[in-house]
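Asker: Following is a predicted model, sequence given first.
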Amino acid sequence: MSGGLVALLDDVAAIARLAAASIDDIGAAAAKAGVKAVGVVVDDTAVTPRYVTGFRPERELPIIWRIARGSLRNKVLLILPVALLLSEVLPQAITPILMLGGAYLCFEGAEKVMEAFGGHHDSAAESEAKLSSEAHEKQMVAGAIRTDFILSAEIMAIALAEVATEPLWSRALILLVVALVITALVYGVVGLIVKMDDFGLRLAERPSGGAQALGRALVRGMPAVLGALSVIGTAAMLWVGGHIVVDGLEKFGLGGPEHFIHDLAVAAGHAAPFAEGFVEWLVETIGSAVVGLVIGSLIVAALHLRPGKGKAAH
């Protein structure tokens, strides 16, 4: 009896060790897959704060929470099952879908660049100002969740491409971990960003001179931070979208753009041996962003040339 119990405990311990190793493997694979999607994560983080601009401070965190829940639904209930199904029955469809999403990011980024240089503002802004607070909030949350769907699809597809050789259930668990961690990370950071000015106001009311100075600096600096995030978000859209399209073309045998950008980056890196790795990365990033801007501008022009169509709606 005791021998049987010892054997049983040994089996349980072996299973536990195997499970722990599997969890470690899944965690490592999820981290690797999440890192590959970092460009889109930056984009998602930079884009979201504009959806809570103009609301009362007490409504900012509830709005972010609603967007975060919508983002998690996008990833877990919609994108993850479809991604797993495609990876099983039609894996060759993943690259074209990624490229379509990349082209959409190029379009979004190019349109923002044109608006910035053309001084154009969405006509919807005036009508939104006339809405009641509740209706405006609902509309902004819905718009944020729609934008998040595209970005979340890109994140999950990039992550899936990194773990395509894993068994089905491992893929499912890895993508679930990626969805949970990235959603918490993105919207946690967004929450900190949009509440930073409130934190600054509280510090400014403290008796300490140092706290007051820091608080005032935070309040004064937040408009610049939000402006910088807008620029970073636009650049990330162009960079990520352009890179996805270029990488997809290479997989379809059209490697000219990728090879040109890579060769240019290597040459620039050799010309600056003191920072070779950084220079190569920078040139490749700029090259992808230029490709993204060209692709996005062509899409914007095509949409505007359609009869009876004005600015493309989002």
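Answerer: Nice, thanks for sending it over. Numbering: from 1, shown residues only.
Asker: low-scoring pLDDT stretches of the stretch 151-300 of the chain, where are they?
Answerer: In the prediction, the stretch 151-300 of the chain carries no residues with pLDDT under 70.
Asker: Now do the helices in the stretch 151-300 of the chain.
Answerer: Per DSSP state H, counting those that start in this stretch, the stretch 151-300 of the chain carries helices over the ranges 168-204, 209-251, 256-271, 276-305.
Asker: want to try JSON lines for those helices, with distance to Ala103 as columns?
Answerer: (Glycine included, C-beta is placed from N, CA and C.) Output for those, formatted as JSON lines (distance: least, CB to CB, whole Å):
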{"stretch": "helix 168-204", "distance to Ala103": "22"}
{"stretch": "helix 209-251", "distance to Ala103": "6"}
{"stretch": "helix 256-271", "distance to Ala103": "14"}
{"stretch": "helix 276-305", "distance to Ala103": "6"}
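Asker: can you tell which of those helices is closest to Gly109?
Answerer: Closest approach to Gly109 among the helices of the stretch 151-300 of the chain (CB to CB): helix 209-251, 3.3 Å.
Asker: what inclination does the helix or strand that contains Leu85 have with respect to helix 168-204?
Answerer: Per DSSP states H and E, Leu85 falls inside helix 80-89. Counting by axes from the mean of the first three to the mean of the last three CA atoms, to 10 degrees, helix 80-89 lies at 150 degrees to helix 168-204.
Asker: circling back to that earlier point, can you redo the helices of the stretch 151-300 of the chain as TSV with mean neighbour count?
Answerer: Output for those, formatted as TSV (neighbours: other CB atoms under 10 Å):
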stretch	mean neighbour count
helix 168-204	18
helix 209-251	19
helix 256-271	15
helix 276-305	18
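Asker: rewinding a little: could you check how far the helix holding Leu85 is from the centre of its chain?
Answerer: Centroid separation between helix 80-89 and its chain, computed with CA atoms, centre = their mean, to the nearest Å, is 20 Å.
Asker: buried sites along that helix?
Answerer: Judged by neighbour count (16 or more other CB atoms under 10 Å), helix 80-89 contains these buried residues: 80, 83-84, 86-87.
Asker: now, which of those residues sits nearest Tyr104?
Answerer: Nearest to Tyr104 among the buried residues of helix 80-89: Ala83, at 16.9 Å, using CB to CB.
Asker: The closest one contacts Ile155, correct?
Answerer: No - between Ala83 and Ile155 there is no contact under CB atoms under 8 Å: 10.5 Å.
Asker: If you count contacts, what does the helix holding Leu85 end up packed against?
Answerer: If you count contacts as 3 or more CB pairs under 8 Å, 6 or more residues apart in numbering; DSSP states H and E, helix 80-89 packs onto helix 94-118, helix 133-162, helix 168-204.
Asker: how big is the angle separating it from helix 94-118?
Answerer: Using the same axes, to 10 degrees, helix 80-89 lies at 130 degrees relative to helix 94-118.
Asker: who touches helix 80-89?
Answerer: Contacts with helix 80-89, where a contact means CB atoms under 8 Å, 6 or more residues apart in numbering, come from 93-94, 97, 156-157, 160, 164, 168, 171-172, 175-176, 179.
Asker: Farthest-apart pair in those, please.
Answerer: Ala93 and Leu176 (21.4 Å).
Asker: Please convert the helices and strands packed on helix 80-89 to CSV, extending it with distance to Glu60.
Answerer: As requested, these are arranged in CSV below (distance: least, CB to CB, whole Å):
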stretch, distance to Glu60
helix 94-118, 23
helix 133-162, 11
helix 168-204, 5
